[in-house]
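K.L.:
return a 3D structure for these sequence lines:
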Amino acid sequence: MEALSALNLALFYLPEKFCHFLSANEISCTPKAGYYLCVLACSAVLFAITRIFLGKTASLSHSINEHQKLAKSKVAWLNFVFASVLVQVFWLSYALFFDFLNYKNFTLGEGADYALPLLLSALLVCVIVFSYIKKRYFETADISSLARQLDATEIHPHTAKNSEKILLNIIEEMAIASRVGMPRVFIMKNENGVNAMASGENFGKDSEKIAIFVTAGAMRTFNRDEMQGVIAHEFSHAFHDDIELNIRLISVIGALGTLSFIGYEILRAFGRGRSGRNSKGSGIAIVILVGVTFWLLGLLGKVFAELIQSAISRQKEFLADASAAKYTRNPLGIKKALDKLFMIQKFNKAYHDGIGKKDFKAPKNEEKPNLNRYFSSKTRQRGSINTDEMRNFRANPLKNFANFHIKNTNARACAHMFFLPAFSGLFATHPSLQSRIKKLKEMGA
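P.N.:
Numbering: from 1, shown residues only. Predicted coordinates:
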């Protein structure tokens, strides 16, 4: 009981100090309101610091290492924020349980019941932890299973032909440059969207293996230098352990979704039970409270976790672009790839001058956008886009994302792992192409 009492005091320490601060400034506040305001204030401060930190830019505009260092620090901070959200879920759940069981006396007095609220909050955390372990270690697909899920075909050096050999050669070069082992290579031959992704299995073990997935659309679109930049981008995700982090984040979000689902099922089961008999008593009230709290906090936690996951994903895309420029020693490769993708997005057209132009059938009579017209410094000052054209593009920036989308809905869980946005959604998993191109220009591309 002493340990529970100490934990209870720790959970109320900040709210108590917050109430004293408000009282010192002649602001009346009840202990209950102070607790919830404290949780809200901590969340607001964390959010404000995150916004300021993510807004920082590299001081050395032409240093790739400077951009890498800044991007890594932003990712580390966002990982901390992700953990903080989970702690606040526990903190808020304890407040809700404590509030209900001590609604007449929301204080730390001797009459306060803190054992049951802590037990219920611990139960909530255990549900999240066990759901995470189940999804992380027992439901995560290995590379072969993921390939079947994505309908991807593996290519091998002894059977590869034409563009497949070129792709393997590029990947081998980038494996050496990034000091990452040679991965398994797959082509998603039924996907015409221009995209690529990296995945893996057995992280941290001797049997750890990485896989690179490339769509048929990317094979048709990117020439050798551009494909080298894209592949280097994917190798950066492998080198910086982004793949393992992505799988962990997916597992946490899945665990929070499970928590919400359990709460919903509790409420639904209780609703069915009440229709057959008249249930009364504090026990039923606690069951309802548990169901509502699980459902509400699971739902809110999942939303905020997805929001933070998207922010982490966007920062890692900037880091991967900077690393691609470093691995290839040719910042123009990745920049030209993004320039080309911007044109595809803008005109809803397609390029067919990539390494796979002979192996993948292209639509007939398809007009190719004039890349130099928009990005040549001779025709546009500093490579800027025409103002009227840019205004029209901003009016509907998502209209041509279909060029990057993946048809296979089984890949939705991996959306943030792709090189470009693979699905439409509430939270952007990737920075805009313009912002990525701008960052590369700051590096001297």
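
K.L.:
which residues of the stretch 201-350 of the chain fall in strands?
P.N.:
According to DSSP state E, counting those that start in this stretch, the stretch 201-350 of the chain carries its strands in the segments 209-215.

K.L.:
please enumerate the helices of it.
P.N.:
If you assign secondary structure with DSSP state H, counting those that start in this stretch, the helices in the stretch 201-350 of the chain sit at 216-221, 224-239, 242-276, 282-328, 331-347.

K.L.:
give me the distance from the fourth one to the chain's centre.
P.N.:
The chain centre lies 8 Å from the centre of helix 282-328; the measure is CA atoms, centre = their mean, to the nearest Å.

K.L.:
before we move on, what about the second one?
P.N.:
Using CA atoms, centre = their mean, the distance from the centre of helix 224-239 to the centre of the chain it belongs to is 19 Å.

K.L.:
okay, it in PDB with CA atoms only?
P.N.:
As requested, C-alpha coordinates have been extracted for helix 224-239 and formatted as PDB (Å, rounded to 0.1, in the frame of the first residue of the first chain):
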ATOM      1  CA  ARG A 224      19.600   5.400 -63.700                       C
ATOM      2  CA  ASP A 225      20.700   8.500 -61.700                       C
ATOM      3  CA  GLU A 226      17.100   9.200 -60.500                       C
ATOM      4  CA  MET A 227      16.600   5.600 -59.500                       C
ATOM      5  CA  GLN A 228      19.900   5.600 -57.700                       C
ATOM      6  CA  GLY A 229      18.700   8.600 -55.600                       C
ATOM      7  CA  VAL A 230      15.400   6.900 -54.800                       C
ATOM      8  CA  ILE A 231      17.100   3.600 -53.800                       C
ATOM      9  CA  ALA A 232      19.600   5.600 -51.700                       C
ATOM     10  CA  HIS A 233      16.600   7.200 -50.000                       C
ATOM     11  CA  GLU A 234      15.200   3.800 -49.100                       C
ATOM     12  CA  PHE A 235      18.700   2.600 -47.900                       C
ATOM     13  CA  SER A 236      18.700   5.600 -45.500                       C
ATOM     14  CA  HIS A 237      15.500   4.200 -43.900                       C
ATOM     15  CA  ALA A 238      17.300   0.900 -43.400                       C
ATOM     16  CA  PHE A 239      20.600   2.500 -42.100                       C
END
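
K.L.:
avg pLDDT for that helix?
P.N.:
Computed over helix 224-239, the mean pLDDT rounds to 91.

K.L.:
on that earlier part again, least reliable of the helices of the stretch 201-350 of the chain by average pLDDT, please.
P.N.:
Considering the helices of the stretch 201-350 of the chain one by one, the lowest average pLDDT is found for helix 242-276, at a mean of 78.

K.L.:
on that earlier part again, export the helices of the stretch 201-350 of the chain to JSON lines and tack on distance to Phe419 and mean neighbour count?
P.N.:
Using the backbone N, CA and C atoms, a C-beta is placed for each residue, glycine as well. Conversion of these to JSON lines gives the following (distance: least, CB to CB, whole Å; neighbours: other CB atoms under 10 Å):
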{"stretch": "helix 216-221", "distance to Phe419": "8", "mean neighbour count": "26"}
{"stretch": "helix 224-239", "distance to Phe419": "6", "mean neighbour count": "25"}
{"stretch": "helix 242-276", "distance to Phe419": "12", "mean neighbour count": "18"}
{"stretch": "helix 282-328", "distance to Phe419": "8", "mean neighbour count": "21"}
{"stretch": "helix 331-347", "distance to Phe419": "9", "mean neighbour count": "22"}
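
K.L.:
looking at those helices, spot the one closest to Leu118.
P.N.:
helix 282-328 (13.5 Å; CB to CB).

K.L.:
now that closest one against helix 224-239, angle please.
P.N.:
Between helix 282-328 and helix 224-239, the angle formed by their directions is 140 degrees, by axes from the mean of the first three to the mean of the last three CA atoms, to 10 degrees.

K.L.:
tell me which other helices or strands helix 282-328 touches.
P.N.:
Using 3 or more CB pairs under 8 Å, 6 or more residues apart in numbering; DSSP states H and E as the contact criterion, the secondary-structure elements in contact with helix 282-328 are helix 31-54, helix 64-101, helix 115-133, helix 163-178, helix 224-239, helix 242-276, helix 331-347, helix 433-442.

K.L.:
which parts of the fourth one are buried?
P.N.:
Taking 16 or more other CB atoms under 10 Å as the neighbour-count basis, helix 163-178 is seen to contain the buried residues Ser163, Glu164, Ile166, Leu167, Leu168, Ile170, Ile171, Glu173, Met174, Ala175, Ala177, Ser178.

K.L.:
wait, Ile171 sits on Ile210?
P.N.:
No. Ile171 sits out of contact with Ile210 when judged by CB atoms under 8 Å, with a separation of 10.1 Å.

K.L.:
and Glu306, how far from Gly257?
P.N.:
When distance is defined by CB to CB, to the nearest Å, Glu306 is 10 Å away from Gly257.

K.L.:
contacting residues for Ala325?
P.N.:
Each residue near Ala325 by CB atoms under 8 Å, 6 or more residues apart in numbering is listed here: Ile64, Gly229, Ala232, Pro331, Gly333, Ile334, Lys335, Leu440, Met443, Ala445.

K.L.:
okay, the helices and strands packed on helix 282-328 in a markdown table with distance to Asn202 next?
P.N.:
Converted to a markdown table, the helices and strands packed on helix 282-328 look like this (distance: least, CB to CB, whole Å):
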| stretch | distance to Asn202 |
| --- | --- |
| helix 31-54 | 32 |
| helix 64-101 | 22 |
| helix 115-133 | 17 |
| helix 163-178 | 18 |
| helix 224-239 | 13 |
| helix 242-276 | 10 |
| helix 331-347 | 29 |
| helix 433-442 | 31 |
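
K.L.:
so for Ala311, which of those helices sits nearest?
P.N.:
For Ala311, the closest of the helices and strands packed on helix 282-328 is helix 64-101, at 5.6 Å, according to CB to CB.

K.L.:
what angle do that closest one and helix 331-347 make?
P.N.:
Computed by the same axes, to 10 degrees, the angle between helix 64-101 and helix 331-347 is 60 degrees.
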